[in-house]
Each structure stands twice: as C-alpha cells, then as structure tokens.
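> Structure, please.
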Amino acid sequence: MRQQIAAANWKMNLTYKQGKTLLDEILNSQIILEPHKKVIFAVPFPYLRMARKKVKERENYAVSAQNCHQLKSGAYTGEVSAEMIHSMSVGYVVIGHSERRAYFNEDDSLLAEKVNIALDNHLAPIFCCGESLPIREAGTQNDFVAQQLKNSLFHLPAEQMQKIIIAYEPIWAIGTGKTASSQQAQDMHAWLRSVIAKQYGQPLADNISILYGGSVKGSNAAEIFAQPDVDGGLVGGASLNSEEFATIIKALK
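Next comes the predicted model:
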C-alpha cells in the first residue's frame, strides 16, 4: 500500500507555548501508526527544532518546514534555505502552497527551483497544486493542474520524482463555504496519477502519495480518505485542534 499521510499545516498560527501544548496533546493520544502510515507536522520556522525534538523518538512521526528559498545561500534577509532546514534534521518541506502562489506570486518556474534545491538538500517536497473557482467553473481544472505538475516537476528524473508527495488543493473549497465531494476529490486524484503515469510509468505513479487539501475535518476525513486514490490529507485549520487532528489521523486507511 502507498504511504498514507496526515500532514498538519499550522500556517502562521500558535505561539511557541501553544504549539508545544498542541503537539503534546496529539502525541499523548496513544495513536499507534502502522508502518504504511505517517504523520507530518508542518510548523512555522521558529518551532522546527522544538517539534523535531518532540517527534524524534516517535515511530512514523515527522516534521516539515512550510517553505524554503530557491537559492542555496546569500544576502536574502529573512529567508530560510533548504540547507538550513536539513541541518536541523527536518526531512520535508511544503512547496507551492496556494497561499504562497497567491500572496507571494510564486509561479511554476520558481517552484521548480524550490523543488530542485529541496531535493539537493535531502528534503522531500510536499508539492501543492490546485485550481481556483473560475477554473473549476470553466471545466478546465484537469488541464490546469496537469500543467502545474509538468511545469514544476516533470523535469525530474524518475529517481527524484518518486520522492515527491503531491497535495491537491481545490482552492475554491478552502474557506469559501463551498465543499468538494469525496467523488470530486477522487476524480482529481485519479487524474493526477494518470498524468504522472503517462510521464513516468504506472508503477511509479502507483507509489506516489497524493494528499487532499480541501478543508479536511474530523467529520469528513474517513469518507475522503476511503477513496482509492486519496492517500491522506494536508490539513489546515483542523490540525490546530488536537482532538480534531487525532480523529483525522485515525481515519487514514
């Protein structure tokens, strides 16, 4: 079975003390993860070391950065490099989140550079893709997300591509009051897997974890995760509540 992943994206939330408390509550929930399941906490940069220390001895728990700079080093005040992240024994980084694309104008070309620098520094990218409401309403979402993958990932050789985790975010279903059905999630995930298969072959595509990032909650996680091509979720708001996120972890198939 493909790796099933519950990834918590804290975004720019929680004080240091609140973050420690949240992690303690989740880690004390006595959730035993089977070998094919993983929980990843994408925490703000100042909390990486604390979070890494807390999960260090926990089987199948890991920590991720929420972003990295596209260059190795230099005079870029306020930025954080992939090398710095790796030096803290962190193994993952979120790249191309819809908020980074929208608020910081990160385009496919820049994200390809970030993917490259992450892989060069032994970080597994959690690569986000997804369409806005106008694109969904126009019915061109399949071509749009396929192009995001092609532009930012398909320059990679197969041995690097297989290290990527995909996170599909239907932007139109995040904080808008609109909801994507589990079937809509499955349809897009199956499409993404078919696009990867066309480029790299079916065996590699069948082993890529594709997470769903459209307002996953404790109440809908089991139904969404039960879909054959959905391999867990990249969870925003619900990951800030320990009981809610624990329910989501338990919903992994």
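
> burial of K53, as a residue count?
13 (other Cβ atoms under 10 Å). Just so you know, the C-beta spots here come from the backbone N, C-alpha and C atoms, and that holds for glycine as well.

> What segments of the chain are helices?
Using DSSP state H, the helices of the chain run over residues 16-27, 48-55, 82-87, 98-103, 108-120, 133-138, 141-152, 158-161, 182-200, 202-207, 221-225, 242-250.

> Buried residues in the last one, which are they?
Translated: helix 242-250. Neighbour-count burial for helix 242-250, counted by 16 or more other Cβ atoms under 10 Å, picks out 242, 244-249.

> what's the answer for stretch 77-92, then?
80-86, 90-92.

> Same question for stretch 120-132.
121, 123-132.

> got it, and stretch 181-190?
Those would be 182, 184-189, for stretch 181-190 by 16+ other Cβ under 10 Å.

> For Q141, state which of those is nearest.
Nearest to Q141 among the buried residues of stretch 181-190 is M188, at 7.1 Å by Cβ to Cβ.

> give me every residue that touches the closest one.
Shown in contact with M188 (Cβ atoms under 8 Å, 6 or more residues apart in numbering): 141-142, 145, 168, 170.

> If we use 6 Å, what do you get?
For M188, the contact set (Cβ atoms under 6 Å, 6 or more residues apart in numbering) comprises Y168.

> and of the buried residues of stretch 77-92, the nearest to N60?
Using Cβ to Cβ, the buried residues of stretch 77-92 come closest to N60 at G91, 12.2 Å.
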